[in-house]
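**Q** Test case, fold it:
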Amino acid sequence: MQKMAELLGLRDEYGEGTSGAPALAGSCLADNRLNLDVYPDGCCRFLQLFKEQQGEVVQVEFLRLSSNDRLLDTTLGSLPHLKQLKSLVLKGGHARDEFGSYRHGSLTSLPPDFGNLKCLTHLDLSFNRLSILPSCILLLPSLRVLLVSHNSLVTLPEDFGRLSKLTFFSAMKNQLKDLPQSIGELSMLQDLDLSENALELLPEEVGNLHNCTELDLSGNRLLSIPDSLANLKSLRRLHLHSNLLVTVPASLASLPNLSRLDLQNNCLRAIPAEIQTLPFVHVRGNPLGETEPSPQAGLKSLHNVINSCISSGSFTVTSEGCRVVLACGIHFYFPPGAASDPLQIYFRSLTPDPQWVKLRHHDVLLSRVLELQPHGVQFQQEVQIWMPYISPQTPHQHEVVVRTFSGQSWSDLKTRVKQKRKSKKCVAHCCVLHFSWFLVVSRLVQNECKVPAEGTLLFSSVDPNIKVIFPPGVTKEPRSVKLQVLPVSAEEIQEITANAEFRASPLLYLSQDSTVDFLKPVRIQLPLPSGVTGLNLDRSRLHILHGDLEGQTWSDITSEVVLEFTHLYAVFEVTHFSWYWLWYTTKTYIGGIAKKVYERLRLYQVNFIALQRKRDPEQVLLQCVPKHKVDPVLKKLQDRYRGPEPSDMVEMFEGEQFFAAFERGISIDMDRPDCVDGRLSFIFYSHLKNMKEIYVTSPVDRKGQAVKGQVSFYRGAVPDSIPDDASRRRKGPDSLWLATLPIKLPQLKPRWDENPGPLYGFSFPPLNLGNAETGYLTQANLLSIARRVGADWQSIGLNLGLTYQQIERIGYNNREDLNKQILDMLFSWAQQNSEDPDCVGKLITAMKDSGRQDIADEIEAIIELGRQKYSESIRRVGLEQESSTEDSAIAMM
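**A** Reported below is the predicted structural model:
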C-alpha cells in the first residue's frame with residue numbers, strides 16, 4: 001500500500017512528478033481505503049494504479065469514485081477484480097451547474113460481473129442516471145446498505161426481495177410508480193426512504209417489514225395506505241406528508257414505538273379519533289372539516305396546500321387542479337386539466353446572486369429568486385402565480401414585471417400587479433405554461449408595438465410628447481420595437497454637474513428584435529429641454545447624443561442628423577436604435593458630462609449603520625440603508641439598540657457586493673457561511689434588506705477594561721457592468737474602503753462555555769441535536785445560545801413545549817440565579833428531544849415565536865455552516881473523514 005501511495009502522489013495523469021506528493025497521497029489513501037472522488041481525474045489515477053500496482057489495488061476494501069468523471073465507463077470494467085471490496089461509492093453531484101445545483105453523474109448501468117463482489121456490503125449510486133436497477137446488484141449476497149437516490153428509476157425488479165440482508169435502502173427522488181411485492185421479503189430492513197417519487201399505492205406486503213424503524217413515503221401520490229402498516233411494531237417514525245391521502249387507518253395509533261407521524265399537506269378531511277389524540281401527529285395543510293362537494297354539482301374539489309417551509313419543499317398537483325399557498329406568501333393556481341397526470345412540484349427560494357441574476361440598467365430587484373421544478377414541463381393550461389414584492393419608490397417611471405430564466409437568458413412576462421386590501425402587500429401576477437426560475441423586478445416603463453411594412457406610430461406612456469414614427473416601407477418583414485423613457489429633472493442635472501446652465505430632455509431608449517437596420521429613416525420626436533422653446537432656441541447650443549447599449553460612451557451626432565424644430569419639440573431621423581438624449585448647453589464637448597450624469601443616475605446614495613443591542617452589547621446589527629430610509633430605520637430600532645451615528649453617504653450600484661470587517665481587537669464570535677476571509681459578505685439591493693445581526697467577541701484580555709474597536713465596510717470586486725470611470729476610481733490600496741464605525745465592548749463577563757467542566761452545578765452529557773446532513777447543534781452551541789437568552793427564558797420554554805409546571809419548577813429550583821434557570825430549561829428540553837430529527841427546527845420556531853429573531857438567525861447560521869461543512873466533507877475530504885459514519889453504518893448491517 002505504501003508503494004501505491006507513493007505512485008499515486010508522485011505521478012499525475014501525464015506521468016510527470018508533482019511537488020505536493022505526500023499531501024496528495026495522504027488525502028486519498030488511508031490503509032485499505034482509496035478515495036479518488038475528490039480529484040477531477042480520479043478514474044484516470046485509478047486506471048494507472050490498477051495497471052502498475054494491480055496486486056495491491058485488488059486488496060482495497062473501501063473505494064470512492066466520482067461518476068462525473070469522463071473515464072468512468074472505462075473504470076467500471078476493472079472494479080469486479082476488487083474481490084475484497086466492502087464499500088463502493090460511485091456518486092454524482094461532484095460538480096455544480098451555474099445555479100449551484102448538483103450535476104448528475106453519467107452512470108446508467110453496471111457490468112454483469114459486478115455481482116462477483118461477494119464481500120460488498122455498502123453501495124452508493126446516488127445522483128446518477130439509472131432508469132432501471134442493474135440486475136447484477138441482486139447477486140450481491142452481503143449487501144446491507146444500498147443508496148440509489150436522485151436517479152431516474154421507474155420501477156424496482158420483481159425479485160428485489162433477494163437482497164435479504166439489506167438494512168438500509170434509499171431511493172428518494174426517483175420516478176418510482178409502484179413497488180414489487182417481494183419488498184416484503186426484506187426482513188432485516190430497518191430504514192426505508194422512498195420519498196419524492198410517484199408512488200400511487202403500496203403493496204400489502206410492506207407490512208412484513210417487521211424490523212423497520214423509519215419509513216419515509218413523503219412527496220408521493222398516495223391516495224391511501226394499506227392497513228398492514230399497523231404490523232410494523234418496530235416503527236418509530238412514519239413520514240406521509242405531501243401526498244394525496246384522503247384517509248389513514250385508525251390502526252396506526254396502535255403502533256407501540258411510534259414517536260412521529262407526519263400527515264401534513266394531504267387531502268385529509270377527517271382523521272380517526274384514535275390518531276387525533278396522539279401528541280406526535282402533524283396534520284397542518286389539510287382541509288380538515290371541509291365538506292366533500294356534491295357529486296351532482298359536477299365540480300372537482302380544489303385542495304389548499306400550506307407549506308411551512310419557506311426556503312424549499314414540494315407538493316403534488318393532480319388533474320383535478322389545486323390552489324397552493326406557500327408560507328412566504330407565494331400563491332399558485334393550477335386549473336383542472338393543467339396536469340394530465342399527478343405531478344410532483346418542487347420549489348425553493350434562492351438568494352439572488354449578481355453573477356447570474358443579470359439586471360439591466362435602471363432595473364430594481366424586488367424579490368428573491370423562486371425556482372420551480374421540474375424545469376420545462378409543459379402544462380395543458382396556464383398556471384397562475386402570485387409573487388409578493390416590495391413596492392418601488394418611483395411607480396410613475398417604473399413598472400413591475402415578473403422575469404423568468406430559460407436556462408440561457410432572462411425574459412419578462414406579461415404581469416398584472418395589485419395590492420391586498422388587508423395587508424396592503426403588493427403582489428405580481430403572471431401566467432405560465434412551464435416552470436423555471438422567477439423573480440420580480442421594477443424596470444423602466446416599456447411601450448412596444450409590431451412594426452408592419454405599412455409603418456406605424458409608437459409613443460411613450462410616461463411622456464406622450466415622445467413619439468417614434470415609422471413610415472411606409474420602413475421594413476419588409478414585421479419586427480417588434482420597444483421604447484423606454486427615463487425622465488431626468490433639471491434639479492438632478494444641476495446637482496450632478498454643479499452647473500445651472502445644463503439642461504436635458506428625458507432619456508430615450510429604443511430597441512428591436514432584428515439586427516438589420518431599417519430600410520427608411522425613422523422619425524423621433526423629443527421635447528425640448530425644460531425652459532427652452534422654439535422662440536428662444538439657440539441652435540448652436542443644442543446637441544443630440546447617441547449612447548451605446550451599456551451607456552459607456554456618448555457620441556454627439558448633431559452634425560450627422562437633420563434637426564427640425566417646432567415650438568416645443570425637436571425632430572430628427574435615425575436608422576438604428578439605442579439611447580438618445582437631447583442636451584442644451586454652451587459647452588462644445590459634452591459626451592463626458594453626459595456619461596457622468598448617466599452613471600450617477602444608476603447609483604444609490606446609502607449610509608451604513610452599526611448598532612449594539614442594549615441588553616447584550618455583543619450582539620451587533622449591521623445594515624446598509626438607502627439615504628431616504630435612514631431616519632425611519634433608526635427610529636424603529638432606538639428602543640432596543642444604541643450606537644454611533646450612521647456613516648457618511650456613499651454611492652453603490654444595484655447588485656454590488658460589499659463586506660464588513662471587525663477591527664482593532666474585535667472579531668466575529670463564530671464561523672458563519674457568509675464569511676469570506678473573516679469578512680461578512682453582503683449584496684446591495686436597494687429594495688431588499690441588507691441587514692445582518694451577528695455576535696462579536698474580543699480575543700484580547702480586557703483586564704476589566706472595555707475594548708474600543710471598529711467595524712469597517714469595503715467594496716468587493718469591481719462588477720463587470722459598472723462604467724470604466726467608476727472602475728478606475730476603485731483601484732488602489734484605499735479605494736475599496738467605504739466607511740468605519742466604532743464598536744465598544746464592555747468589560748468581559750465570564751463565559752459559560754469557557755469551562756468544559758460542570759457549570760453552575762450542572763453537568764451536561766454530550767449532545768448532538770439534528771443530523772450530519774442538515775447540521776448539528778452541539779453542547780457548545782447550546783451554551784453559546786443560552787448566554788443570549790436572558791429574561792425571555794420562560795417564554796422560550798413555553799414555546800418549546802415545556803409545561804407551566806415545569807417552568808415554575810425550574811424557576812423555583814434555581815431561584816435568584818438567572819443563569820441556572822436558562823441552562824436548566826434549555827438542556828432539559830434538549831435531552832428530552834435529542835432523538836427528534838426536527839428538534840432544531842422547533843428550537844428556531846420557538847425563538848421566533850418568543851420575539852428572539854436574533855437567536856433564531858444565529859441558530860440558522862450554525863446549521864447552514866454545518867450543512868456546508870458536511871457537503872464539503874462529502875465532496876472534498878472524502879471517505880477518510882467519513883469513515884466513522886460508514887463504519888457505524890456497516891456495523892449495523
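**Q** Next up, the contacts around the closest residue in space to residue 650 that isn't next to it in sequence.
**A** Nearest non-adjacent residue to residue 650, counting by CB to CB, 6 or more residues apart in numbering: residue 738, 5.1 Å away. The C-beta positions use only the backbone N, C-alpha and C, and glycine is treated the same way. Residues in contact with residue 738 (CB atoms under 8 Å, 6 or more residues apart in numbering) are 608, 647, 650, 658, 712, 713, 714, 715.
**Q** Flag every buried residue along the helix or strand containing residue 738.
**A** Using DSSP states H and E, residue 738 falls within strand 737-745. Residues 738, 739, 740, 741, 743, 745 are the ones in strand 737-745 that count as buried (16 or more other CB atoms under 10 Å).
**Q** how close does the residue nearest to residue 650 sit to residue 658?
**A** Relative to residue 658, residue 738 is positioned 7 Å away (CB to CB, to the nearest Å).
**Q** Mind listing the shared neighbours of the two?
**A** With contacts defined as CB under 8 Å, 6+ apart, the residues shared by residue 738 and residue 658 are 713, 714, 715.
**Q** wait, isn't the first one in contact with residue 739?
**A** Yep, that's residue 713 we're talking about. Yes - the criterion here is CB atoms under 8 Å, and residue 713 meets it with residue 739 at 4.9 Å.
**Q** Need the overlap of contacts for those two.
**A** Applying CB under 8 Å, 6+ apart, one finds that residue 713 and residue 739 are jointly contacted by 608, 647.
**Q** Tell me where the stretch 651-800 of the chain is predicted with low confidence.
**A** Within the stretch 651-800 of the chain, the stretches with pLDDT under 70 are 669-673, 699-704, 717-735, 747-768, 770-776.
**Q** Mind doing that once more with 80?
**A** Counting by pLDDT under 80, the stretch 651-800 of the chain contains low-confidence residues at 669-678, 698-706, 716-735, 747-781, 783-784, 787-792.
**Q** ok, longest helix in this structure?
**A** What stands out as the longest helix in the chain, according to DSSP state H, is helix 853-872.
**Q** In that helix, which residues are buried?
**A** In terms of neighbour count (16+ other CB under 10 Å), helix 853-872 has its buried residues at 854-863, 865-867, 869-870.
**Q** what does stretch 157-169 give?
**A** In stretch 157-169, counting by 16+ other CB under 10 Å, buried: 157, 160, 161, 162, 163, 165, 166, 167, 168, 169.
**Q** Same check on stretch 263-271?
**A** So, applying 16+ other CB under 10 Å, buried residues of stretch 263-271: 263, 264, 265, 266, 267, 268, 269, 271.
**Q** these two touch, right, the first one and residue 271?
**A** Translated: residue 263. Yes - counting by CB under 8 Å, residue 263 touches residue 271, with 7.3 Å between them.
**Q** Break the chain down into its domains, please.
**A** What the TED database lists as the domains of the chain is 28-132, 309-444, 447-601, 603-718+734-745, 768-875.
**Q** Would you format those domains as CSV with distance to residue 152 included?
**A** Listed next are those as CSV, based on distance: least, CB to CB, whole Å:
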stretch, distance to residue 152
domain 28-132, 5
domain 309-444, 12
domain 447-601, 38
domain 603-718+734-745, 31
domain 768-875, 22
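**Q** Of all those domains, which one is nearest residue 201?
**A** Closest approach to residue 201 among the domains of the chain (CB to CB): domain 309-444, 12.0 Å.
**Q** Need the buried residues of stretch 157-169 in a markdown table (columns: distance to residue 49).
**A** A markdown table is the format used below for the buried residues of stretch 157-169 (distance: CB to CB, whole Å):
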| residue | distance to residue 49 |
| --- | --- |
| 157 | 34 |
| 160 | 34 |
| 161 | 37 |
| 162 | 33 |
| 163 | 30 |
| 165 | 30 |
| 166 | 31 |
| 167 | 32 |
| 168 | 30 |
| 169 | 32 |
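**Q** Looking at the residues you listed, spot the one nearest residue 814.
**A** residue 168 (43.0 Å).
**Q** Would you agree that closest one is in contact with residue 188?
**A** No - counting by CB under 8 Å, residue 168 does not reach residue 188; the two are 9.9 Å apart.
**Q** Now list whatever residues contact both of the two.
**A** Residues touching both residue 168 and residue 188 (CB under 8 Å, 6+ apart): residue 144.
**Q** re earlier: now go through the buried residues of stretch 263-271 and say which are in helices.
**A** Assigned to helices by DSSP H, none of those qualify.
**Q** between the residues you listed, which is nearest residue 477?
**A** The closest of these, once distances to residue 477 are taken by CB to CB, is residue 265, at 50.5 Å.
**Q** hang on, that closest one packs against residue 325?
**A** No - using CB under 8 Å, residue 265 is not in contact with residue 325, being 11.0 Å away.
**Q** Using a markdown table, lay out the shared contacts of residue 738 and residue 658 together with neighbour count and secondary structure.
**A** Converted to a markdown table, the shared contacts of residue 738 and residue 658 look like this (neighbours: other CB atoms under 10 Å; DSSP: H, G, I helix; E, B strand; the rest coil):
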| residue | neighbour count | secondary structure |
| --- | --- | --- |
| 713 | 24 | strand |
| 714 | 17 | strand |
| 715 | 19 | strand |
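**Q** I'd like to know which of those residues is nearest to residue 360.
**A** For the shared contacts of residue 738 and residue 658, the nearest to residue 360 is residue 715 (21.8 Å; CB to CB).
**Q** same question for the longest helix of the chain, mean pLDDT?
**A** Averaging pLDDT along helix 853-872 gives 73.
**Q** Quick one, which of the buried residues of stretch 263-271 has the minimum pLDDT?
**A** Pick the lowest pLDDT in the buried residues of stretch 263-271 and you get residue 269, at 70.
**Q** For residue 370, see how far away the residue positioned nearest the centre of the chain is.
**A** In the chain, the residue lying closest to the centroid (CA atoms, centre = their mean) is residue 350, at 2.9 Å. Going from residue 350 to residue 370 by CB to CB gives 8 Å.
**Q** joint contacts of these two?
**A** With CB under 8 Å, 6+ apart as the test, residue 350 and residue 370 both reach residue 437.
**Q** quick one: secondary structure of the residue of the chain positioned farthest from its centre?
**A** For the chain, the largest distance from the centre (CA atoms, centre = their mean) belongs to residue 535, which lies 59.2 Å off. Here residue 535 is recorded as coil under DSSP: H, G, I helix; E, B strand; the rest coil.
**Q** excluding its backbone neighbours, what's nearest it?
**A** With CB to CB, 6+ apart as the criterion, residue 535 has its nearest non-adjacent residue at 7.0 Å, and that residue is residue 567.
**Q** And that neighbour, what's its pLDDT?
**A** The per-residue pLDDT reported for residue 567 equals 87.
**Q** hey, what's the residue nearest to the centre of the chain bridged with?
**A** In this entry, residue 350 is beta-bridged to residue 369, by DSSP bridges.
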